[in-house]
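Colleague: here is the input, now give the coordinates:
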Amino acid sequence: MILKTLEFRDFSDCKALINMLDDQEYVFKYKEILQQKFEEMIQWFLYVYMGITSRPVPPYFPDQRKIDLLSLYILVAKDGGYREVTTENIWPIIAKDLGFEYKDGDYMRITYAMYLDVLEYYYKFKSVQEAVHVKEMVNEGAEFSGDAHRKTRSEGTNQYEQADKVHAGVDATQFALFAGSGWEDNWNLHKRRKRFNFSYMKKAMDDANQSVMKKGFNITKV
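Modeller: Next comes the predicted model:
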């Protein structure tokens, strides 16, 4: 019910939906509803939040096949994010996973850049902002506990220990976000796919075709 009634009036609503994608089982169970909400979120983010109204949502391939933005987002996150996928040239595999051809990989890259890359940036930026805010609150709490320490040493010591633990957790969260991990980890439990080698694949296909033709020739000859 929460998912069905979710509306987008602020970026925090977008963040709430993206956080739901951490749970792989939840995504598979409610994927149809999530696809619809994800498109609504993209449309709100582009049209209202960013003021970009020239991009149709959802996007379509030149042959009018719809591109599933939710699946595109999840697959790219699973392989390390936009920059990792681009560096390792995994876009052809992403395209194939989405039901397209290897040659359509560059089209998937452009689609991701136009619809999802800025959204991902804002999501991480807002997450870091929240972590910094929490850190400031912790520091203020530590200063306050310092005053209390002057009154009751034992009570103040306990407050300092708690502040140090929270402080350490905040620093770890910030590091995880800047390192590109954190929320992506649930999708990266497998070994990431390696660079897509067109030359190797072409050679393998040529060898396979020659083998089939050779066997066919021998059968005809017999």
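
Colleague: could you measure Asn89 against Ala95, distance?
Modeller: To Ala95, Asn89 is 12 Å away according to C-beta to C-beta, to the nearest Å. The way it works is simple: take the backbone N, C-alpha and C, and place the C-beta from them, glycine included.

Colleague: the helices in the chain, which residues?
Modeller: Taking DSSP state H, the helices of the chain run over residues 2-5, 11-20, 24-29, 31-44, 69-78, 82-87, 91-97, 105-115, 117-151, 153-178, 198-221.

Colleague: mind telling me which of these the model trusts least?
Modeller: In terms of mean pLDDT, the lowest-scoring of the helices of the chain is helix 153-178 (a mean of 41).

Colleague: who's in contact with Pro58?
Modeller: Glu39, Ile42, Lys66, Ile67, Asp68, Leu69 (C-beta atoms under 8 Å, 6 or more residues apart in numbering).

Colleague: right, and the first one touches Leu69 too?
Modeller: When you say that, I think you mean Glu39. Yes - using C-beta atoms under 8 Å, Glu39 is in contact with Leu69, at 6.2 Å.

Colleague: overlap in contacts, the two.
Modeller: Val57, Pro58.

Colleague: more crowded one of the two?
Modeller: Neighbour count, other C-beta atoms under 10 Å: between Glu39 and Leu69, Leu69 has more, with 21 against 18.

Colleague: confirm for me that the more buried one is in contact with Met114.
Modeller: No - look at Leu69 against Met114 with C-beta under 8 Å: they stay out of range, at 10.5 Å.

Colleague: where do the contact lists of these two overlap?
Modeller: By C-beta under 8 Å, 6+ apart, the residues touching both Leu69 and Met114 are Pro59.

Colleague: residues near Leu72, how many?
Modeller: Using other C-beta under 10 Å: Leu72 sits among 21 other residues.

Colleague: pretty sure it sits against Asp97.
Modeller: No - Leu72 is beyond contact range of Asp97, at 9.2 Å (criterion: C-beta under 8 Å).

Colleague: which neighbours do Asn89 and Ala95 have in common?
Modeller: Contacts common to Asn89 and Ala95, judged by C-beta under 8 Å, 6+ apart, are Gly105.
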